[in-house]
Every structure is written in structure tokens, then in C-alpha cells.
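1. Take a look and give me a structure for this.
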Amino acid sequence: MMCPACGRPLTEKQLGSLHMEACQGGCGGIWFDTLELHEVRKETDAAGESFLSTERNRRIQVDPSQPRTCPRCTDVLLKRLLFGPGSRATVDECPKCGGCWLDDDEMAQLRFEQSQLKDSQQAYESDESSDLIKYLYEVRTGRRQR
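-> Numbers count the residues shown, from 1 in each chain. You can find the predicted model right below:
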């Protein structure tokens, strides 16, 4: 398969049980077959970080405004979409096979958003636990804690 961004050959890369194709030594982008991108979110953070270290040649510049063709369905143009609600990361998705292409910086943006979400959920759960402890104290003692 060829890179839809810079035209170099893609190299297979493994994350847990998943196999993706990366543009090693080229633009650093990654190709995910149907639903593989969502599976990456289920893998451990340490394993996911290995994708951020895909060897990239900084001399290769890609133009995100240029149309890209699917590396699987070589005659189909990819559609550029936001990854999901509230996300600033974009992906190029094939309307035929459902595969997704992420440029080097887009994968980093997704990992950043995932860590931010995780941190905010932990903070929420921490506040929730504190409120529960206060409530249980009030019920048990009959006194309000200030």
C-alpha cells in the first residue's frame, strides 16, 4: 500500500493484536482499517505511545488541503472529518472500506485529547467521592460539615 499523503510505501506496524500501516521515514502518517482506530483507544496508554514515535522525515511536507486516495481502494477519494464531537483532530476516512488515515500531528492530537478526557474524568470522580464522603458523614453524625 502507498501513503495517501506523500506517496511512499507503507510499513506494517503492530499495536497489541492490531496491525496498522505507517509511513515510516516519510510523512509519519498511519492507516487504520475499518474500526481499528477505535480499537487503539482500548489498548494501554504505553502501547499507544509507540505510534507517536513513528519515524518521520521532517523534510517531507504534506499539504492537508490536497485530495487523497484510499490506499486500499485506490480509486476512492478520502473524506476529511472531525474524529468526533468536541474533537479538534481530523481523520481522512474512506467512504467505501471505512479505513482511516491520520497524519502525524493528528495522532498526537487524539492522544492528547484522550489524556485530557481521562484527567477530567478522574477529577470529576474525585469531586464526586468527596461529596459522597461528606454526605455519609452528615448522615452518620447528624451534623453538617463546613
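2. Next SSE downstream of the helix or strand bottoming out on mean pLDDT in the chain?
-> Using mean pLDDT, DSSP states H and E, the weakest-scoring helix or strand in the chain turns out to be helix 45-52, at a mean of 53. Using DSSP states H and E, the helix or strand that follows helix 45-52 in sequence is strand 79-82.
3. Now that following strand: average pLDDT?
-> For strand 79-82, mean pLDDT is 90.
4. So what are the sheet partners of that strand and their directions?
-> strand 90-93 (antiparallel) (DSSP bridges).
5. got the CA positions of the partner strand in PDB?
-> Extracted C-alpha coordinates of strand 90-93, given in PDB (Å, rounded to 0.1, in the frame of the first residue of the first chain):
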ATOM      1  CA  THR A  90      -9.300  15.300  11.900                       C
ATOM      2  CA  VAL A  91      -9.200  12.000  10.000                       C
ATOM      3  CA  ASP A  92      -9.400  11.100   6.400                       C
ATOM      4  CA  GLU A  93     -12.000   8.300   6.000                       C
END
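6. Which elements pack onto the very next helix or strand once past it?
-> As assigned by DSSP H and E, the chain's next helix or strand after strand 90-93 is strand 100-102. Contacts defined by 3 or more C-beta pairs under 8 Å, 6 or more residues apart in numbering; DSSP states H and E place strand 100-102 against strand 30-32, helix 36-40, strand 90-93. Yep, even glycine has a C-beta here, placed from its N, CA and C like the rest.
7. That'll do, ta.
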